[in-house]
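[1] Sequence first, predicted coordinates after that:
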Amino acid sequence: MGHRTRLRAAALTVWYLRLLALLNVVAVVSLPFREEVHEHNGGQYFTPYLATAGLISAALALFLAVVMRRRKRAAWIFNLLLAGPLFALYTAALTQDRYQRHGFNWISALLTGLFVAALLLGRKEFHAVGDRSNPRLALAVGAGGLLVSATLGTLLVSATNRVSGTPLSDRIAYTLLRGVSVGPLADRFDSVATPRWVDVVINALIAATFLLVLYALFRAPRGRELLGAADETRLRELLAKHGERDSLGYFALRRDKAVVWSPSGKAAIAYRVVGGVTLASGDPIGDPEAWPGAIEAWLREARRHAWTPAVMGASEEAGTIYARHGLDALELGDEAIVDRADFTLEGRAMRGVRQAHNRVRRAGYTVRVRRHADIPEAEMAALTDKADHWRDGETERGFSMALGRLGDPADGRCVMLECHDSEGELRAVLSFVPWGERGLSLDLMRRDRNSDNGLMEFMVIELLRRAEEIGVERVSLNFAMFRSVFERGTRLGAGPVLRLWCSVLTFLSRWWQLESLYRANAKYRPVWEPRYLLFEKSSELPRIGIAAARAEGFLAPPALPRPGFSARRPTPPSPGEPSAPRPSEQPSPAAPAQPRAGRSRPSSPLPRS
């Protein structure tokens, strides 16, 4: 049997489940159709697999269609255990004359048999493994969810029951039966008479609980959360050899990422699993000739665990290689890179930047530039405390273009800029990670809200003017999302679609400052390097977008607060231990034109930190 036949059989199971989900929903909202299904689901009749005219069956079929499309092995086993015995029962029933007389029974048995046959033919296509903790989690979710939904349903029945003196046991039994079906199953309780909408609400509550149980049972493994000491050491060795290629390479050392290696060990991809999406960031680390091997290993792991693969912030070179492995590309925006040799404050085009720099300098502000390794531990602790104090809110932001820690002893080659006012008080800090031997990439940006405007511009210019002192030739500043739209959308000759898109983004900039981020970086006259989002299917973009927002810290699932949590500098950890996360900061509304960190968050007013 060929691979194409197995693929078609696997696809057939998915479409069958989708169709049954639709039919069950129609049966719930349509009384005549529901009565017809109930009539053919009792007595001498039977219906195809999962055709019960209930929300639970609709939810089950829909969810199974989703997880079967992701080729979950557990979902294949679940369907076979349900549909296989049912088909055997139908086959046995059709040997009896009273069931043979009804043609619909033969159709039901045929459809169920075709589904079972498709399961068996396509069994090798369902290879994605699940998490070993899923059964325990599903049991806990089922017990808790059933208790909550049954309690709410019983209270609703008690409040709307038109028959007085109904025993509690009857109300509970009625609730549970209504959870299974809104049909005549629970009509035998003469002691309970509730409005129709109550039956539907109870059925929906139980269906939602059942859906949560299925999610817990079939959810994708979350993957490793921490970068191991051995992997971190190997990554640092690759960065020492090939770190010049990608300004985002050092961010692969975030310790909430995992890493997958090429067979030769000469390349690696750092990623994090969020909501069933495996998010890689930047380009693969290492020798470009070994990138295909790392990409294949990453995609193979994604398929094994039913993860959706996506890459955030890939360069054009890496995007081309990813495209050869079946991924499509979407341009996100451009990275602003300033070459020290080409930067100057002279000329009319730099007049505004030059004036801002001179104004801050005349106010008595000074900048100190040091490698992290040259900062005494006590001073670094004080800088970290200040950065923590200046953070806006408790949410940590950053993933693809942020290191996630400050002051770790392993990051001694990072560069710290400290801005002091005329009285020697610390007012702002910038931190950059290494970009090879001669480059820096912006990681963290914080300032005192009560300080003068223009501090960040002043600090960036001071870094560029004094870059030779620390052996730096180029600096990566920020990521401007949809930069080309803002640049070309206002030009003469721009088409109507481009102008409309530019207008929409300008409107959205009122909240997310998309345009101001581009303008703030453009004043340095940088070289713009495009960055791309890589994905397999366009239909997965909403899911990837949600996962990226969660990874970057813009969406946070509900969680209990962690007492005593702080983003302060940790005590020196071992290389494989997670260090304290790095806080983030939001620029003052009075200074929207300052350069902003947050390359992985260009649509947010928050800087990259």
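    Done, it's in.
[2] only C-alpha atoms for contact and neighbour calcs from this point on.
    Will do.
[3] can you pull out the strands in the stretch 201-350 of the chain?
    Under the criterion DSSP state E, counting those that start in this stretch, the stretch 201-350 of the chain contains strands at 258-261, 267-274, 277-281, 285-286, 308-314, 328-339.
[4] got the contact list for the closest residue to P195 other than its chain neighbours?
    What sits nearest to P195 in space, not counting adjacent residues and going by CA to CA, 6 or more residues apart in numbering, is T160, at 7.2 Å. Contact analysis of T160 by CA atoms under 8 Å, 6 or more residues apart in numbering lists 194-195, 198.
[5] ok, the residues you listed vs A387, which is closest?
    Nearest to A387, judged by CA to CA, of the contacts of T160 is V198 at 54.0 Å.
[6] Read off the pLDDT value for the closest one.
    According to the prediction, V198 has pLDDT 85.
[7] Just say helix, strand or coil for it.
    Per DSSP: H, G, I helix; E, B strand; the rest coil, the secondary structure class of V198 is helix.
[8] That one contacts L156, correct?
    Yes: judged on CA atoms under 8 Å, V198 makes contact with L156 at a distance of 7.2 Å.
[9] Extract the residue ranges of the stretch 501-609 of the chain that are flagged as low pLDDT.
    Across the stretch 501-609 of the chain, the ranges flagged by pLDDT under 70 are 501-502, 505-519, 555-609.
[10] for the stretch 51-200 of the chain, same thing?
    Checking the stretch 51-200 of the chain against pLDDT under 70 turns up 131, 181-188.
[11] Could you pull out the helices in it for me?
    In the stretch 51-200 of the chain, the segments counted as helices under DSSP state H, counting those that start in this stretch are 55-69, 73-93, 97-100, 103-121, 134-160, 168-180, 196-218.
[12] among these, which is the most enclosed?
    Stretch with highest mean neighbour count among the helices of the stretch 51-200 of the chain: helix 55-69 (a mean of 23; mean count of other CA atoms under 10 Å).
[13] and that one, how far from the chain's centre?
    23 Å (CA atoms, centre = their mean, to the nearest Å).
[14] what helices or strands is that helix leaning on?
    When contacts are defined as 3 or more CA pairs under 8 Å, 6 or more residues apart in numbering; DSSP states H and E, helix 55-69 sits against helix 3-29, helix 73-93, helix 196-218.
[15] quick one on the thing from earlier: arrange the helices of the stretch 51-200 of the chain in TSV, one row each, with distance to V29 as further columns.
    Formatted as TSV, these follow (distance: least, CA to CA, whole Å):
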stretch	distance to V29
helix 55-69	10
helix 73-93	26
helix 97-100	29
helix 103-121	22
helix 134-160	20
helix 168-180	15
helix 196-218	9
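[16] So the residue nearest to P195 versus V28, what's the distance?
    21 Å (CA to CA, to the nearest Å).
[17] R499 too?
    Separation of R499 from V28 (CA to CA) stands at 46 Å.
[18] ok, now Q96?
    The gap separating Q96 from V28 is 31 Å, by CA to CA.
[19] Same check on G84?
    Applying CA to CA, the value for G84 to V28 is 26 Å.
[20] related to what we said a few turns ago, more neighbours: R499 and V28, which one.
    Neighbours were tallied for R499 and for V28 using other CA atoms under 10 Å; the higher tally belongs to V28 (22 against 18).
[21] Touching, that one and T52? I think so.
    No: assessed by CA under 8 Å, V28 is found out of contact with T52, at 9.6 Å.
[22] excluding its backbone neighbours, what's nearest the spatially most central residue of the chain?
    Compute the mean C-alpha point of the chain, and by CA atoms, centre = their mean the closest residue is A547, 1.0 Å away. Of all residues beyond its chain neighbours, the one nearest A547 is V274 (5.5 Å), with distances taken as CA to CA, 6+ apart.
[23] cool, V14 as well?
    A65 (4.9 Å).
[24] ok, now which ones touch the one you found?
    Going by CA under 8 Å, 6+ apart, A65 touches 13-15, 17-18.
[25] Return the members of those classed as buried.
    13-14, 17-18 (16 or more other CA atoms under 10 Å).
[26] In TSV, list those along with distance to R245 and pLDDT.
    Below are those laid out as TSV (distance: CA to CA, whole Å; pLDDT from 0 to 100):
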residue	distance to R245	pLDDT
T13	46	93
V14	43	92
L17	47	93
R18	46	92
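[27] Let me know the closest of the residues you listed to R234.
    V14 (42.3 Å).
[28] Wait, that closest one touches M68, no?
    Yes: taking CA under 8 Å as the definition, V14 is a contact partner of M68 at 6.2 Å.
[29] what about E418, which SS state?
    Classified using three-state DSSP, E418 is strand.
[30] likewise the one 10 residues further on?
    The assignment at A428 comes out as strand when based on three-state DSSP.
[31] just flag whichever of the strands of the stretch 201-350 of the chain has the lowest average confidence.
    For the strands of the stretch 201-350 of the chain, where the average pLDDT is lowest is strand 328-339, sitting at a mean of 87.
[32] List the buried residues in it.
    Quick answer for strand 328-339 (16+ other CA under 10 Å): 328-329, 331-339.
[33] Would you mind giving those residues as a markdown table with distance to S422 added?
    Below are those laid out as a markdown table (distance: CA to CA, whole Å):
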| residue | distance to S422 |
| --- | --- |
| D328 | 53 |
| A329 | 49 |
| E331 | 44 |
| L332 | 41 |
| G333 | 38 |
| D334 | 36 |
| E335 | 34 |
| A336 | 31 |
| I337 | 31 |
| V338 | 29 |
| D339 | 30 |
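[34] What's the local residue count around A230?
    Other residues close to A230 by other CA under 10 Å number 10.
[35] ok, now how distant is it from V433?
    Where V433 is concerned, A230 sits at a distance of 21 Å (CA to CA).
[36] try S503
    Per CA to CA, S503 is found 35 Å from V433.
[37] Check L248 too.
    Between L248 and V433 the computed distance is 9 Å (CA to CA).
[38] swap in L137?
    40 Å.
[39] L168: which of the strands of the stretch 201-350 of the chain is closest?
    So among the strands of the stretch 201-350 of the chain, strand 267-274 is nearest, using CA to CA, at 43.8 Å.
[40] List of residues touching the closest one?
    Here strand 267-274 has contacts from 222-225, 235, 238, 252, 256-262, 278-281, 283-288, 290-291, 293-295, 298, 307, 547-548, 550-551, using CA under 8 Å, 6+ apart.
[41] From the chain's centroid, how far away is it?
    Distance, stretch centre to chain centre, for strand 267-274: 13 Å (CA atoms, centre = their mean).
[42] ok, now stretch 168-178?
    Centroid separation for stretch 168-178 versus its chain: 41 Å, with CA atoms, centre = their mean.
[43] Then stretch 13-33?
    Chain-centre distance of stretch 13-33: 31 Å, with CA atoms, centre = their mean.
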